[in-house]
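# what's the 3D shape of this:
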Amino acid sequence: MAASNPNIMQRFEDYRPSKTVLMWSCALSVVATMIVGFAWGGWVTGGTAAEMAAKAADTASTSLVASICVNQFRSDPAHAAQLASLNKIDRWDRGSFITKGGWATLPGMKEPTNGAADLCAQQLTAMPVAQANTIETSP
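Residues are numbered from 1 along each chain as shown. The predicted structure is shown next:
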């Protein structure tokens, strides 16, 4: 009587799927893997990766130019007076003050990198007064 009513394990071992069922199982597994990978796995397309890399490069160059700008500003003989003027200007207009002063423009460039003047102004106004008035000289 035991042979007429097999248990679930016996039925699983005896099952032989057709080629159609196997192919559909594989296809659905691939689709499910892609959905999980793109939705939760952090996968991105090549275009998105390129955009992310370009954004990272722009951010890095802006940060670099801003730090050079801070050093150029601090090496200006009248930097204390310029810093006082910068602190009196409205926040949204400080970037144009830095641009007009030429501190955010690197040698050989006509215009500063986008956002560098604003970031430079933020860094200068965030510095403690004693540090802003000290000029770092390299040996």
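# Contacts for stretch 87-102 next, please.
69, 73, 76, 82, 85-86, 104-105, 112, 117-118, 120-122, 124-125 (CB atoms under 8 Å, 6 or more residues apart in numbering). Every residue, glycine included, has its C-beta placed from N, CA and C.
# center of the chain - which residue?
With distances taken as CA atoms, centre = their mean, the residue of the chain nearest its centroid is residue 56 (4.6 Å).
# Relative to residue 46, how far out is it?
Separation of residue 56 from residue 46 (CB to CB, to the nearest Å): 16 Å.
# likewise residue 94?
For residue 94, the distance to residue 46 - CB to CB - is 39 Å.
# ditto for residue 37
To residue 46, residue 37 is 14 Å away according to CB to CB.
# Next: residue 126.
38 Å.
# again with residue 111
Residue 111 is 31 Å from residue 46, by CB to CB.
# got the domain boundaries for this protein?
Following automatic domain parsing, one finds the domains of the chain at 8-39, 46-132.
# ok so, going back, any of the contacts of stretch 87-102 buried? List them.
The neighbour count (16 or more other CB atoms under 10 Å) marks 69, 73, 82, 86, 104-105, 112, 117-118, 120-122, 124 as buried among the contacts of stretch 87-102.
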